[in-house]
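*Asks:* Kindly generate the corresponding structure for this input.
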Amino acid sequence: MNKVILMGRLTKAPEIKYLQDDNKTAMARYTLAVDRRYGKDRERKADFISCVTFGKNAEFAESYLKKGTKIVISGNIRTGSYTDSEGVKRYISNVVVEEHFFAESKKASDTDFKDEKDGFMSVPENEELPFE
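*Replies:* From the prediction side, this is the model:
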């Protein structure tokens, strides 16, 4: 079974192209930064996963996804190869996204995460909390 589920943040806005087929199908490419679990050294690391999606999903990506958006995707891994202009065989892997979902609210995605420490985000004193 070839099934992938990932959660991460877009490294930049999706690149959108329209295929030259009869339907002018939309295609979106983006890179997802996916955090790794902490290792022994407790240093944060991420993998950068190349993703591609087509049709309505690509149109959704064009309209709603931007750099830093946290999403969950599911799809499958596709591998392939090509020969570059210098005659060297290159191998590629992509996740073909079948569905994607927002992993946080719009308000949370607009928050500046630079002041995170130990996985906690600072909350301004004047902001009302949902509990007492």
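
*Asks:* hey, let's count contacts and neighbours off CA atoms from now on
*Replies:* Will do.

*Asks:* longest single helix anywhere in this protein?
*Replies:* helix 56-64 (DSSP state H).

*Asks:* Go through that one and flag the buried ones.
*Replies:* 57-59, 61-62 (16 or more other Cα atoms under 10 Å).

*Asks:* Check which element follows it along the chain.
*Replies:* Note on helix 56-64: by DSSP states H and E, the next helix or strand toward the C-terminus is strand 70-83.

*Asks:* Can you tell me the strand partners of that following strand and which way each runs?
*Replies:* The strands beside strand 70-83 in its sheet (DSSP bridges) come out as strand 4-10 (antiparallel), strand 89-102 (antiparallel).

*Asks:* hmm, who's touching it?
*Replies:* Applying Cα atoms under 8 Å, 6 or more residues apart in numbering, the external contacts of strand 70-83 come out as 2-10, 89-104, 109.

*Asks:* now do 10 Å
*Replies:* Strand 70-83 has contacts (Cα atoms under 10 Å, 6 or more residues apart in numbering) with 1-11, 32-34, 50-53, 65, 88-106, 108-109.

*Asks:* what about residue 56, distance to residue 49?
*Replies:* Residue 56 sits 21 Å away from residue 49, taking Cα to Cα, to the nearest Å as the criterion.

*Asks:* Might one say that residue 26 is in contact with residue 16?
*Replies:* Yes. Using Cα atoms under 10 Å, residue 26 is in contact with residue 16, at 6.9 Å.

*Asks:* So for the two, which residue has more residues nearby?
*Replies:* Ranked by neighbour count (other Cα atoms under 10 Å), residue 26 and residue 16 place residue 26 first, with 21 against 18.
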